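# This is a predicted model, with the sequence first.
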Amino acid sequence: MGLVTDHLPGALLPLPGGGALLTAIDQVVNWSRANSLWPLTFGTSCCAIEVMMATGAARHDLARFGAEVARPSPRQADLLIIAGTIVKKMAPRLRTLWEQMAEPRYVIATGSCAISGGPFLYHSYTTIRGADEVIPVDVYVPGCPPRPEALLYGLLTLQKMIREGSTLARPGQVRRPVLAALPDGMTLDDVRAEIAALVQETATVDRKAAAAVGAAFAAQDRV
Amino acid sequence: MAADLLPLAGLALSPDALVAAVQLLCPAAQARPDCDRPAVKVTVGDWPELAGRLRAHADLLFDLLETHTAIDWPESGRIELVYLLTSLRRGHHLTVFVDIPRDDPVAPSVCAVWPVAQWQEREVYDLFGVRYADHPDLRRLFLDDDWQGFPLRKDYADAFMLDRPS
């Protein structure tokens, strides 16, 4: 991967048609990155029960989106899900963990505490007012704590950002952070139906359509 | 399991009998009927000796110091130490209150009676600034070592804290 991400853009871009080829490679790279997020287990308070345990367990099953390989080591993780309050003493440790993670790395801040300090905003001698005072955050998932569905929604939002947002030609540039709040009026059944449809869509292949695309490529090559 | 560690089922003292038994050991102990659990208030001078006897006395057997915490009362100038005791073998509970002056908060350590008090006293020192005589290792527990002040005192304030806009 290092060869592809570090040297390929410089070699391809001067060639005729290199930009288009690079875009195709971007799509493959972003697709693989988005679908194999390895979260770091970083639970500091009650959100960890919803986020790390309930969402990872069988009923909600984060594994459906390729993000189930929770790692206890930052060296092996590329997604930091901040689940809980960050206090003054924890902030330098959080920064260290984030710096130890491999690039490209992504951060989801879940719950009021990690977004703004939440219930500890006023008259607190120790709570940091939002994890983004310490590290950059890609997706905010509001809630106190967020339901597992909300975290799944946040994860899908991050996957969308990764698929659309980054290109090998400009490494390090990502999309602006977003707030992945469930839209007003959306119910649990809506979320379930949407996730079911999404799983159905990504899990099935129309062989005839795929064969037609392949044939079109082959015809292009012959010309 | 050794025979003397078996629970003495059904031998828990009633709240009134418990307070009476404590008052036999320490006549100056005042009952605190305003508490949920049986509770007594003792002077700081009586407390170290009473602690040892609460643990050793065959009818009481308070073998577990569940929690040790404190309450800051700035208007009456005192810090109230709270000890929640449990007897695992008897199955009864007792709360002990000890008042110490707020401007010179020195208290006797009960580490020798309940070793778990080492960390609990460090926590109270960390947040309320109570200094325990003969504590083997009285350092801050939760806050950074260079922290100034004791945050759970009612008059604590620092530059980091925000006031709620009115």
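Looks like it came in fine.

# For the residue positioned nearest the centre of chain A, give me the pLDDT.
Per C-alpha atoms, centre = their mean, the C-alpha nearest to the average position across chain A is that of A:L158, at 3.7 Å. Listed pLDDT for A:L158 reads 90.

# Look up phi and psi at it.
phi -60, psi -40 (degrees, to the nearest 10).

# average model confidence for the helix or strand harbouring B:L85?
Element membership for B:L85 (DSSP states H and E) is strand B:78-86. Taken as a whole, strand B:78-86 has a mean pLDDT of 95.

# coming back round to it: chain B versus the residue nearest to the centre of chain A, what's the distance?
30 Å (C-beta to the nearest C-beta, to the nearest Å). For glycine as for every other residue, the C-beta is placed from the backbone atoms N, C-alpha and C.

# Residue numbers of chain B in contact with chain A?
Counting by C-beta under 8 Å from any C-beta of the partner chain, the residues of chain B lying close to chain A are B:F142, B:L143, B:D144, B:P151, B:Y156, B:D158, B:F160, B:M161, B:L162, B:D163, B:R164.

# how long is stretch A:63-75 end to end?
20 Å (C-alpha to C-alpha, to the nearest Å).

# so how far is that stretch from its chain's centroid?
The gap between where stretch A:63-75 is centred and where its chain is centred comes out at 11 Å by C-alpha atoms, centre = their mean, to the nearest Å.

# Now do that stretch: everything it contacts.
A:34-41, A:52, A:56, A:61-62, A:77, A:79-80, A:97-98, A:100-102, A:152, A:155-156, A:159, A:195, A:199 (C-beta atoms under 8 Å, 6 or more residues apart in numbering or on different chains).

# picking up where we left off before, and the residues of chain B next to chain A, which are buried?
For these, a burial check counting by 16 or more other C-beta atoms under 10 Å in any protein chain shown picks out B:L143, B:P151, B:Y156.

# Which of those residues sits closest to chain A?
Nearest to chain A among these: B:P151, at 4.3 Å, using C-beta to the nearest C-beta.

# so what's the closest one up against?
Shown in contact with B:P151 (C-beta under 8 Å, 6+ apart): A:Y125, A:T126, B:L127, B:L143, B:D158.

# so of those residues, which ones are in helices?
B:L127 (DSSP state H).

# In JSON lines, list the contacts of B:P151 along with pLDDT.
JSON lines is the format used below for those (pLDDT from 0 to 100):
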{"residue": "A:Y125", "pLDDT": "90"}
{"residue": "A:T126", "pLDDT": "90"}
{"residue": "B:L127", "pLDDT": "94"}
{"residue": "B:L143", "pLDDT": "91"}
{"residue": "B:D158", "pLDDT": "88"}
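
# now for the contacts of B:P151, which pair is the farthest apart?
Using C-beta to C-beta, the contacts of B:P151 span at most 13.7 Å, a distance reached by B:L127 and B:D158.

# Flag every residue of chain A that's near chain B.
Counting by C-beta under 8 Å from any C-beta, chain A sits next to chain B at A:K88, A:K89, A:L121, A:Y122, A:H123, A:S124, A:Y125, A:T126, A:R129.

# Verify the contact between the first one and A:R129 for me.
Right, A:K88. No. The pair A:K88 / A:R129 is not scored as a contact, 10.9 Å apart, by C-beta atoms under 8 Å.

# These two: which is more packed in?
It is A:R129, of A:K88 and A:R129, that has more neighbours when counted by other C-beta atoms under 10 Å in any protein chain shown, with 18 against 15.

# Show me where chain A has its helices.
A:2-12, A:18-34, A:47-48, A:91-100, A:111-116, A:148-165, A:188-203, A:207-222.

# tell me what the fifth one is packed against?
Meaning helix A:111-116. Judged by 3 or more C-beta pairs under 8 Å, 6 or more residues apart in numbering or on different chains; DSSP states H and E, the packing partners of helix A:111-116 are helix A:47-48, strand A:79-83.

# Of the ones you listed, give the one that comes closest to B:P136.
Among those, the nearest to B:P136 by C-beta to C-beta is helix A:47-48 (34.0 Å).

# by contact count, what packs against the closest one?
Contacting helix A:47-48 under the criterion 3+ C-beta pairs under 8 Å, 6+ apart are the following elements: helix A:111-116.

# How about residues contacting the helix it packs on?
Applying C-beta under 8 Å, 6+ apart, the contact partners of helix A:111-116 are A:45-47, A:51, A:82-86, A:109, A:118-120, A:127, A:129-131, A:140-146.

# swap the cut-off to 7 Å and go again
Applying C-beta atoms under 7 Å, 6 or more residues apart in numbering or on different chains, the contact partners of helix A:111-116 are A:45, A:47, A:82-86, A:109, A:118-120, A:129-131, A:140, A:142-146.

# how far does it sit from the chain's center?
From the chain centre to the centre of helix A:111-116 is a distance of 18 Å (C-alpha atoms, centre = their mean).

# Could I get the average pLDDT for it?
Averaging pLDDT along helix A:111-116 gives 90.
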